[in-house]
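> missing the sequence, but the structure's below:
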């Protein structure tokens, strides 16, 4: 993650999720999770050793989506015995089909959801880059989304998304 992305994400965590703790990127060796567990988005570590997972949700948020984040938080907590905060940023065009409710668990975690007014293309690109950074294989939907970015974006950003799409597709093929 470059400095611009880091600044954007930490600013979003502070402003949108009201978490003003000082954070840094969590070392990769600390965030190795069990096989089959959602790998998380951008994982940060606070100065007191707690973890923050910053996610961008691009499909409707339902019980299955919530369950994968709970499983992620529980798995990370079990490995380190440190509180986990999962912050999920959703574009305005997705449906949220679950309510906030207390979830019983031995793990100490919280999950917060917020709506973003950001351009969906930037959210998709960031999600794809995070998958690649975390060595998560892209599925057919991801490849299709990358191919569609130059078509879906604002006209004045078309060249930027075209270049980013080409870079990603060259890495995959």
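Ah, there it is. Because the structure is a prediction, the values reported are computed rather than measured. Numbers count the residues shown, from 1 in each chain.
> Surely residue 71 and residue 40 touch.
No: using C-beta atoms under 8 Å, residue 71 is not in contact with residue 40, being 10.6 Å away. Backbone N, C-alpha and C define where each C-beta goes, glycine included.
> Quick check on the two: which one has the bigger neighbour count.
It is residue 40, of residue 71 and residue 40, that has more neighbours when counted by other C-beta atoms under 10 Å, with 24 against 16.
> does the more buried one really touch residue 75, like I thought?
No: using C-beta under 8 Å as the test, residue 40 is too far from residue 75 to be in contact (9.4 Å).
> longest helix in the chain, by residue count?
The longest helix of the chain (DSSP state H) is helix 63-80.
> So for that helix, what gets flagged as buried?
Buried residues in helix 63-80, counted by 16 or more other C-beta atoms under 10 Å: 65, 66, 69, 70, 71, 72, 73, 74, 75, 76, 77.
> Could you list which residues are in contact with the fifth one?
The contact partners of residue 71, by C-beta atoms under 8 Å, 6 or more residues apart in numbering, come to 37, 38.
> now do the third one
Listed by C-beta under 8 Å, 6+ apart, the contact set of residue 69 reads 38, 53, 55, 86, 88, 111.
> Just the strands from this structure, written as ranges.
Assigned by DSSP state E, the strands in the chain fall at 23-25, 42-46, 51-56, 84-91, 109-116.
> Reformat those strands into a markdown table and put mean neighbour count and mean pLDDT next to each item.
Converted to a markdown table, these look like this (neighbours: other C-beta atoms under 10 Å; pLDDT from 0 to 100):
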| stretch | mean neighbour count | mean pLDDT |
| --- | --- | --- |
| strand 23-25 | 15 | 94 |
| strand 42-46 | 22 | 95 |
| strand 51-56 | 23 | 93 |
| strand 84-91 | 22 | 92 |
| strand 109-116 | 16 | 90 |
